[in-house]
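>>> next come a sequence and a model predicted from it.
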Amino acid sequence: MPEMYFHVRWPDGMTQRCYSPSTVVEDYFVPGSHYALVEFVERSRTALGIAGERVKEKFGFLCTGASDQLAQIERTATTYATVSDAKVTVEALTGTDGSTR
């Protein structure tokens, strides 16, 4: 499966490289776009859920990488839950070789 990463900047400027086992994240995130915190988490939940299901359809088991990444996003998001108008920026989408998408 074509794995990829989505690079995000959290409201405090911290950056994170997030993993997806599928290119489906391209359907949910646009590089350079800003998402309200809740919207970013929901889009991540949907995209990584679909990605995990794609792995299951192909290999017969869910992708723990997708579920682990979602759990990490959800944990990180809780630290910004009280920040007024918190936004997450998707800085880039890249392939596993580092090429931009």
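Now that the structure is in, tell me what you want to look at.
>>> how much space between the residue nearest the centre of the chain and T96?
A centroid search over the chain (Cα atoms, centre = their mean) returns S44, at 4.7 Å, as the residue closest to the centre. Distance, S44 to T96, using Cβ to Cβ, to the nearest Å: 19 Å. C-beta here means a position set from N, CA and C on the backbone, and glycine is covered the same way.
>>> same thing with R17?
Distance check for R17 against T96: by Cβ to Cβ, it reads 11 Å.
>>> same check, this time on A77
A77 sits 25 Å away from T96 when distances are taken as Cβ to Cβ.
>>> do I73 as well
19 Å.
>>> more neighbours: which of the two?
Legend: neighbour count by other Cβ atoms under 10 Å for I73 and T96, higher for I73 (21 against 10).
>>> flag every buried residue along the helix or strand harbouring the more buried one.
Using DSSP states H and E, I73 maps to helix 64-78. Within helix 64-78, the residues that qualify as buried are G65, A66, Q69, L70, I73, T76, A77, counting by 16 or more other Cβ atoms under 10 Å.
>>> likewise stretch 93-101?
Across stretch 93-101, burial judged by 16+ other Cβ under 10 Å covers L93, T94.
>>> ok, and what's touching that stretch?
Taking contacts as Cβ atoms under 8 Å, 6 or more residues apart in numbering, the residues outside stretch 93-101 that touch it are P2, E3, M4, Y5, F6, H7, T23, V25, E26, F29, P31, A92.
>>> so what's the third one up against?
If you count contacts by Cβ under 8 Å, 6+ apart, M4 has them with S20, S22, T23, V25, E26, L93, T94, G95, T96, R101.
>>> if I look at it, how far off is G65?
Distance of M4 to G65, given as Cβ to Cβ: 12 Å.
>>> relative to E74, how far out is the most far-flung residue of the chain relative to its centre?
Counting by Cα atoms, centre = their mean, the extreme residue of the chain relative to its mean C-alpha position is G60, 22.6 Å from that point. G60 sits 26 Å away from E74, taking Cβ to Cβ as the criterion.
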